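J.: Quick one: sequence plus predicted model below, questions after.
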Amino acid sequence: MRYFILIAKGLGRNKKRTLLTALAITVALFLFSTLQTFLTAMDGAVEVLGDSRLISRNAVSLIFPLPISYLEKIAQVPGVADVSYGNWFGGEYQDRPQTFFAKFAVEPESYLRAYPEVTLAPEAREAFAKERTACIVGERLAEEFGWKVDDDVMVSGTIYPGDWNFTIRGIYTAKRGFDIRTMLFQWKYLDEGMPPGLQGAVGFYIITLADPAGAPRVAAAIDALFENSSAQTLTETEKAFQEGFNVMLGNMKALVTVIGLAVVFAMMLVAANTMIMAGRERTREIAVLKALGFDDGLCQRLLLAESVTIALGGGVLGTVVAKVLYQATGFTMGGWFPAFNVEWSTVLAGLGIAVATGVVSGYFPARRARRLRIVDALRNVG
């Protein structure tokens, strides 16, 4: 216990420096946890998706549409159990234009059949299917904006210009993997608002398979149907479709990893500099401890313990705050990652880095304390 008191006294010797060092490590490990979670969320967004659904889009790019006339032809392909379709809408919620959330125009009945993981009250399903301006929103989105059933919502279009008015007819919940921070509304409402030459355009088709094992064959058959058309298709599993988004991000994983390593390295430099300064300032104190009978090894361990305590305190604060904050706020990175949660493995990795930082930064002043001779230390102190 007396050694713990000595460690506490040492940490309190310069409270401001101790606090600032711990806060620097806190910020660094908060950033590390965020970057690491970004990597795990990228992988997690793919892993939760299965191979029971296919996504068919324009072979040139997702931004180019497909004709609605493809619907019946796709439905007749052997192995296709159901087909739905939709468009990415974009747009800004007029009351809070700076806050982004995903908005899709979909065919209500077939879309909800394609995603059985979505839970919605029967009366809300009926209203969503029948009312032209009806929409449904995820529970997290409704909670964030304070929306209730029957509230009116106005969205200013960006891809599709104009003001679009919606009435919330349901608030859905969903299992992991489906974003509960999304608005879904009727595709017909969007189509009716388009100029005649732009009507009948579909952004993507969602194909439910009778047998997931037949995914490659069905995808090839669909693409072969439109091989010589002006709007060729690229059909792939939902999992591969999501992986395509990750590929479009380029070598983002490597960049994030490098940034994370740079943060950790910078954190170690800050902590090491602080501990070296603290060790030099305590030359006389260490000499007195040795004169009182504290051996070289104990003096070394005391300084090392102080360094590890500061680093570990900052590590606990940075990683745990990141986990609690992202979980409490339901952060989804603009809807890209419905499961943006700091894993406990990330927390443990952050704590491991904190301990390593404490050991590395405290090593040199601790070694100096071990080698310090009482006579030399007292001679150099005025």
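T.: Looks like it came in fine. Numbers count the residues shown, from 1 in each chain.

J.: Show me the residue sitting in the middle of the chain in space.
T.: For the chain, Phe340 is the residue whose C-alpha lies nearest the centre (CA atoms, centre = their mean; 3.5 Å).

J.: On the pLDDT front, check it for me.
T.: Looking at Phe340, its pLDDT is 73.

J.: cool, Arg113 as well?
T.: So, for Arg113, pLDDT stands at 95.

J.: rewinding a little: surely the residue nearest to the centre of the chain touches Leu39?
T.: No: in this structure, Phe340 is not within contact of Leu39 by CB atoms under 8 Å, at 11.2 Å. The C-beta positions use only the backbone N, C-alpha and C, and glycine is treated the same way.

J.: Quick one: the strands in the stretch 51-200 of the chain, in order.
T.: Remark: strands assigned in the stretch 51-200 of the chain by DSSP state E, counting those that start in this stretch are 53-58, 66-67, 80-88, 92-93, 102-106, 118-119, 134-138, 152-157, 162-174, 182-186.

J.: Outside of the last one itself, list whatever touches it.
T.: Strand 182-186 has contacts (CB atoms under 8 Å, 6 or more residues apart in numbering) with 89, 101-108, 111, 128, 131-138, 141, 153, 155, 166, 335.

J.: Of those residues, grab the buried ones for PyMOL.
T.: Filtering those down to the buried ones (16 or more other CB atoms under 10 Å) takes a single PyMOL command:
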select buried, resi 89+101+102+103+104+105+106+107+108+111+128+131+134+135+136+137+138+141+153+155+166+335
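
J.: who wins for proximity to Val258 among the strands of the stretch 51-200 of the chain?
T.: Between Val258 and the strands of the stretch 51-200 of the chain, the shortest gap by CB to CB is with strand 102-106, which sits at 29.4 Å.

J.: hmm, who's touching that closest one?
T.: Residues from elsewhere that reach strand 102-106 (CB under 8 Å, 6+ apart): 84-91, 155, 179, 181-187, 189-191, 334-335.

J.: can you state the direction angle for it and strand 182-186?
T.: 20 degrees (axes from the mean of the first three to the mean of the last three CA atoms, to 10 degrees).

J.: Dump strand 102-106 to CSV, restricted to CA.
T.: Extracted C-alpha coordinates of strand 102-106, given in CSV (Å, rounded to 0.1, in the frame of the first residue of the first chain):
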residue,chain,number,x,y,z
ALA,A,102,-30.1,7.5,-46.5
LYS,A,103,-33.3,7.8,-48.6
PHE,A,104,-34.6,5.2,-51.1
ALA,A,105,-37.6,5.1,-53.4
VAL,A,106,-38.8,1.5,-53.5
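
J.: can you give me the strands for the stretch 201-350 of the chain?
T.: 201-202, 204-209, 233-237.

J.: could I get those strands as a markdown table with distance to Lys148?
T.: What follows is the strands of the stretch 201-350 of the chain, written out as a markdown table (distance: least, CB to CB, whole Å):
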| stretch | distance to Lys148 |
| --- | --- |
| strand 201-202 | 31 |
| strand 204-209 | 29 |
| strand 233-237 | 37 |
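
J.: To Lys175, which of these lies closest?
T.: Nearest of the strands of the stretch 201-350 of the chain to Lys175, taken as CB to CB: strand 204-209 at 16.6 Å.

J.: quick one: which of the strands of the stretch 201-350 of the chain is nearest Leu35?
T.: Among those, strand 233-237 sits nearest to Leu35 (CB to CB), with 28.3 Å.

J.: The helix or strand containing Val27 packs against which elements?
T.: Val27 is part of helix 15-47, with elements assigned from DSSP states H and E. Secondary-structure packing of helix 15-47 (3 or more CB pairs under 8 Å, 6 or more residues apart in numbering; DSSP states H and E): helix 238-248, helix 252-281, helix 296-329, helix 344-371.

J.: Rounded mean pLDDT for that helix, please.
T.: 78.

J.: quick check: angle from it to helix 252-281?
T.: 160 degrees.

J.: What residues sit buried inside helix 15-47?
T.: 18, 21-22, 24-26, 28-38, 40-42, 44-46.

J.: any idea of the pLDDT on the nearest residue to Glu131 once chain neighbours are set aside?
T.: Nearest residue to Glu131, sequence neighbours excluded (CB to CB, 6 or more residues apart in numbering): Arg169, at 6.4 Å. Per-residue confidence (pLDDT) for Arg169: 97.

J.: thinking Arg169 is in contact with Phe128, fair?
T.: Yes: with contact defined as CB under 8 Å, Arg169 reaches Phe128; the gap is 5.4 Å.

J.: Overlap in contacts, those two.
T.: With CB under 8 Å, 6+ apart, Arg169 and Phe128 have common neighbours 134-136.

J.: about what we covered before: quick one, which of the contacts of strand 102-106 are buried?
T.: Applying 16+ other CB under 10 Å to these flags 84-87, 89, 91, 155, 179, 181-187, 189-191, 335 as buried.

J.: rewinding a little: okay, the strands of the stretch 51-200 of the chain in JSON lines with distance to Ala215 next?
T.: Shown next, in JSON lines, are the strands of the stretch 51-200 of the chain (distance: least, CB to CB, whole Å):
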{"stretch": "strand 53-58", "distance to Ala215": "6"}
{"stretch": "strand 66-67", "distance to Ala215": "19"}
{"stretch": "strand 80-88", "distance to Ala215": "11"}
{"stretch": "strand 92-93", "distance to Ala215": "36"}
{"stretch": "strand 102-106", "distance to Ala215": "22"}
{"stretch": "strand 118-119", "distance to Ala215": "22"}
{"stretch": "strand 134-138", "distance to Ala215": "27"}
{"stretch": "strand 152-157", "distance to Ala215": "35"}
{"stretch": "strand 162-174", "distance to Ala215": "23"}
{"stretch": "strand 182-186", "distance to Ala215": "25"}
